[in-house]
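Visitor: Fold the following and give me the result.
(one chain, ligands or ions: 1)
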Amino acid sequence: MKMTFRWYGSDDPVTLENIRQIPGMTGVVSAIYSIPVGEVWPEEEIVKLKKQVEDAGLELEVIESVPVHEDIKLARGDYKRYIENYKTTIRNLAKHGIKCICYNFMPVFDWTRSRLDQPLEDGSNALVYYREDVDKMDPTKLALPGWDSSYSTDEMSQLIDAYKELGEEGLWKNLEYFIKEIMPVAVECDVNMGIHPDDPPWPIFGIPRIITCEANLDRFLALYPDKHHGLTLCSGSLGCTNLNDIPALIRKYGKEGRIHFAHIRNVKILDDGSFEESAHLSGCGSLDIVEILKAYHETGFKGYVRPDHGRMIWGETGKPGYGLYDRALGATYMNGIWETLEKLS
Ligand code: DNO
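Guide: Below is the predicted model:
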């Protein structure tokens, strides 16, 4: 495996120099944030980003994410042009050494939480999803980091209605169309595409979500029978429900060579199905991180790993989930487990 760290570009309070000093870090996963969703990523911009990362002594082989325009997910408006743009972006990225692209097919909202700075018992704070609070939220007036904030309340409300009307099967159909269009290009360019599961893996606000469980991951992978068509297996997204057995999913899809990128984090599942993001250590949450790494190890995983969301600790402020300290602790913990597994095998 290759240990990486998410970096949000020059505006990220966590610098490349900080990241370089985390033991065992090979590179960052990043994106070009200035390009409107749906437009082509120009080669000059890619070269600039790559050079900036490499000058700091790190690699850039993974992009998280190339976002998918809502019109593609709804198969409406300019979606054919956006799909052509997506293909050009894959080609442009491949020309400059990108080997893996992470994306998602979540309607409107990427990850959803009820609070981004819930104080925990130990004085740190973390992202949480309390069902009761989410049920009271008005989705047309929400803004969370990582979401497209360019919609007005009216536009948001229309968008949500369009997805309600589309329903799960409609979304599957549009996903299938998109995959069958882009995958031949990814195969030709030898780029691994890793879809990120829906977070959380259940429908919210009446909007369908489909990348949620084993049966749906099977259905997704069957859409295109080539290893380049694969997963970003996110332990924290799929793992915030007991219905998903993460080590079993890793063993299954890992053996098939379909996991290209591993997001590893822990979550504490609460009795009513709510969850709190916890420190990576197994004892702090509901997931067994040693078992997760064992599953990757057993299947000979050679892909990219990154510590996922961390808590805010030691007074750090910054992008929720993406501070330096707790993610660095997570990476170090995982490197320790991996080294042990290597030496014991
Ligand atoms: C959350 C992230 C996601 C992920 C996208 C991939 O912190 O894991 O926002 O980057 O869903 O497209």
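Visitor: wait, Val53 sits on Leu60?
Guide: Yes - if you go by Cβ atoms under 8 Å, Val53 and Leu60 touch, sitting 4.2 Å apart. (Glycine included, C-beta is placed from N, CA and C.)
Visitor: Quickly list what's touching both of those two.
Guide: 27-28, 30 (Cβ atoms under 8 Å, 6 or more residues apart in numbering).
Visitor: Can you tell me which of these lies closest to the ligand?
Guide: Nearest to the ligand, judged by Cβ to the nearest ligand atom, of these is Ser30 at 10.8 Å.
Visitor: Need phi/psi at the closest one.
Guide: phi -150, psi -170 (degrees, to the nearest 10).
Visitor: for the residue lying closest to it once chain neighbours are set aside, what are its contacts?
Guide: In this structure, Ser30 finds its nearest non-sequential neighbour in Trp7, 4.8 Å apart by Cβ to Cβ, 6 or more residues apart in numbering. Applying Cβ under 8 Å, 6+ apart, we find Trp7 in contact with 14, 16, 19, 28-30, 53.
Visitor: Could you do Leu58 as well?
Guide: 16, 19-20, 25-28.
Visitor: and the closest residue to it other than its chain neighbours, what pLDDT?
Guide: Excluding the flanking residues, the one nearest Leu58 by Cβ to Cβ, 6+ apart is Gly27, at 4.7 Å. pLDDT for Gly27: 98.
Visitor: how much space is there between Gly27 and Glu298?
Guide: Per Cβ to Cβ, to the nearest Å, Gly27 is found 24 Å from Glu298.
Visitor: do Ile195 as well
Guide: 23 Å.
Visitor: who in the stretch 201-345 of the chain is up against the ligand?
Guide: Contacts of the stretch 201-345 of the chain with the ligand, taken as Cβ under 6 Å from any ligand atom, map to 234, 263, 309, 321.
Visitor: Out of these, who's the most crowded?
Guide: Counting neighbours by other Cβ atoms under 10 Å, Cys234 comes out on top of these with 28 neighbours.
Visitor: Specify the beta-bridge partners of the closest residue to it other than its chain neighbours.
Guide: Nearest-residue entry for Cys234: His263, 3.9 Å, with adjacent residues in sequence omitted and distances by Cβ to Cβ, 6+ apart. With DSSP bridges as the criterion, His263 is bridged to Cys234, Arg306.
Visitor: Does His263 touch Ser235 like I think?
Guide: Yes - using Cβ under 8 Å, His263 is in contact with Ser235, at 6.6 Å.
Visitor: ok, Trp338 - contacts?
Guide: So Trp338 contacts 1, 293, 297 (Cβ under 8 Å, 6+ apart).
Visitor: mind listing the helices for the stretch 51-200 of the chain?
Guide: Per DSSP state H, counting those that start in this stretch, the stretch 51-200 of the chain has helices spanning 70-74, 79-95, 131-135, 153-189. These are given in chain order.
Visitor: Comparing these by mean pLDDT, which bottoms out?
Guide: helix 131-135 (a mean of 92).
Visitor: Let's see it as CSV, backbone CA atoms only.
Guide: C-alpha atoms of helix 131-135 as CSV (Å, rounded to 0.1, in the frame of the first residue of the first chain):
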residue,chain,number,x,y,z
ARG,A,131,-30.5,11.2,13.3
GLU,A,132,-32.9,13.3,15.3
ASP,A,133,-31.1,16.5,14.2
VAL,A,134,-30.8,15.5,10.6
ASP,A,135,-34.5,14.8,10.5
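Visitor: so where is the stretch 201-345 of the chain shaky, pLDDT-wise?
Guide: Within the stretch 201-345 of the chain, no range satisfies pLDDT under 70.
Visitor: Which pLDDT value belongs to Gly57?
Guide: 98.
Visitor: Provide the count of other residues in contact range of it.
Guide: That count, for Gly57 with other Cβ under 10 Å as the rule, works out to 13.
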